[in-house]
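Novice: Fold the following.
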Amino acid sequence: MNRMLCALLLVIGLLITHDCQALNITYMGLGAGRDQYFTDLLTAALKHAEGGPHKVARYIHDLPHHRSFYFLEKNQDIDLVIAYATTERHEKYLALPIPLMKGINGWRVSFVHKDNVDIFKEVKSLKALKKFIPGQFHAWTDAKILAENGLIPATSSEFLGLYALLDKKRIDYYPRFFGEIDLELNNPGLKIGPLKNLLADPHIILIYPTAFHFYANKQNDKLFELLLNGFDKIIANGTFDNIFQQYFGSALDKVRSEKRQVFYLQNSFLPPINPAREKQLLEKY
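Specialist: Prediction:
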């Protein structure tokens, strides 16, 4: 009897050890140079999660989103993908209900040509704004959001091509996440090249509800629960807020102080917000 009990306890111990073993997690982010924030968040969440110590690494190659999700579906090389929250993605994958950037990725300040720095000075309505042509990357959900609101974008399949379109005045403005505007304007390579004739528009800001989520394969429910447990803990103990403020606090203070005319847009691609987990985290302009 004692032997059977010892054997049973040994099996249970092995199962627990296996279930809580350290994981090496690879995620696909937004691109080289843009992912340290997500790495820090993920590292902090997994540090507070069960088991471990878990390790986090960004996937070494830059991939288009559709390829990243293909790898995710095949359980090949990538465990997590960061992307906009959409109803379609929520149906196909396990979506962590945490707005990783607290919704501020939907706050858009625009590049304009230096000759047209006051192009929006007298624009006070969405109807008036619809007369101007925005630019947007063809595969981004942002292009669909703009079009849904009657701001029909000219699109490009090349990121730098959008700056060229604006430089040649073939589009009127190029909405970007406000936190990237100054970084790009101060980038030496961009400043003397594609952005040499461009400025940040001082007059308007577009705001639409959105969120970046971590997505996992539907069969990877253990990783999903591990992440949920870890993120709940770093939200509760203030670590999430501290990391967020470290990366975006100054830029948030700046954009709020600039007092632009706000245009609130709709986003029908966004799935219903989880009020218990997400609403409390969203920043207000």
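Novice: What does the pLDDT read for F132?
Specialist: Per-residue confidence at F132 stands at 98 (pLDDT).
Novice: Go ahead and report the secondary structure state at it.
Specialist: Three-state assignment for F132 (DSSP: H, G, I helix; E, B strand; the rest coil): coil.
Novice: That one contacts E122, correct?
Specialist: No - counting by CB atoms under 8 Å, F132 stays clear of E122, with 11.9 Å between them. All C-beta atoms are positioned from the backbone trio N, CA, C, and that covers glycine.
Novice: When the two are compared, which one has more neighbours?
Specialist: Between F132 and E122, F132 has the larger neighbour count (other CB atoms under 10 Å), namely 16 against 9.
Novice: contacting residues around that one?
Specialist: By CB atoms under 8 Å, 6 or more residues apart in numbering, F132 lies in contact with I119, F120, V123, D172, Y173.
Novice: now that we're looking at the fourth one, how far away is Q36 from it?
Specialist: Right, the one you point to is D172. From D172 over to Q36 the distance is 33 Å, taken as CB to CB, to the nearest Å.
Novice: between those two, which one's more packed in?
Specialist: More crowded of D172 and Q36, by other CB under 10 Å: D172, with 21 against 11.
Novice: so what's that one up against?
Specialist: Contacts of D172 by CB under 8 Å, 6+ apart are V112, N116, I119, F132, I133, P134, L166.
Novice: okay, among these, which ones form the most distant pair?
Specialist: Checked with CB to CB, those reach their widest spread between N116 and P134, with 13.2 Å between them.
Novice: quick one: which of these two has more around it?
Specialist: P134 (25 against 15).
Novice: Quickly note the distance from that one to L281.
Specialist: Where L281 is concerned, P134 sits at a distance of 28 Å (CB to CB).
Novice: which SS state does F214 fall under?
Specialist: Classified using three-state DSSP, F214 is strand.
Novice: right, and it touches V81 too?
Specialist: Yes - using CB under 8 Å, F214 is in contact with V81, at 7.5 Å.
Novice: Which neighbours do the two have in common?
Specialist: With CB under 8 Å, 6+ apart as the test, F214 and V81 both reach Y27.
Novice: quick one on the thing from earlier: can I get the contacts of D172 in a markdown table including distance to L41?
Specialist: Shown next, in a markdown table, are the contacts of D172 (distance: CB to CB, whole Å):
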| residue | distance to L41 |
| --- | --- |
| V112 | 32 |
| N116 | 38 |
| I119 | 37 |
| F132 | 36 |
| I133 | 36 |
| P134 | 30 |
| L166 | 32 |
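Novice: Of the residues you listed, which is the nearest to V56?
Specialist: P134 (35.3 Å).
Novice: partner residues bridging the closest one?
Specialist: P134 forms beta bridges with Y173, as assigned by DSSP bridges.
Novice: N274 should be in a strand, yeah?
Specialist: No - counting by three-state DSSP, N274 is not part of a strand but coil.
Novice: and it, what is it in contact with?
Specialist: P97.
Novice: Quick one: neighbours of the spatially closest residue to Q36 that is not a sequence neighbour, just the number.
Specialist: Nearest residue to Q36 in three dimensions, chain neighbours excluded: Y247, at 8.0 Å (CB to CB, 6 or more residues apart in numbering). A total of 16 residues lie near Y247 under the criterion other CB under 10 Å.
Novice: contacts for the strand or helix carrying Y247?
Specialist: When elements are assigned from DSSP states H and E, Y247 belongs to helix 239-257. The contact list for helix 239-257 (CB under 8 Å, 6+ apart) reads 36-37, 40-41, 44, 48, 101-102, 104, 107, 109, 178-179, 182, 205, 231, 233-235, 281, 283, 285.
Novice: Just the C-alphas of that helix, formatted as CSV.
Specialist: Extracted in CSV, the C-alpha atoms of helix 239-257 (Å, rounded to 0.1, in the frame of the first residue of the first chain):
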residue,chain,number,x,y,z
THR,A,239,4.1,47.0,-12.7
PHE,A,240,2.1,47.3,-15.9
ASP,A,241,1.5,51.0,-15.3
ASN,A,242,5.1,51.6,-14.4
ILE,A,243,6.3,50.1,-17.6
PHE,A,244,3.7,51.9,-19.6
GLN,A,245,4.6,55.3,-18.1
GLN,A,246,8.3,54.6,-18.7
TYR,A,247,7.7,54.3,-22.4
PHE,A,248,4.8,56.6,-23.1
GLY,A,249,4.3,58.9,-20.1
SER,A,250,6.2,61.9,-21.6
ALA,A,251,4.7,61.6,-25.0
LEU,A,252,1.2,61.4,-23.5
ASP,A,253,1.8,64.5,-21.5
LYS,A,254,3.1,66.3,-24.6
VAL,A,255,0.2,65.3,-26.9
ARG,A,256,-2.4,66.2,-24.3
SER,A,257,-0.8,69.6,-23.8
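Novice: Please consider this matter closed, and thank you.
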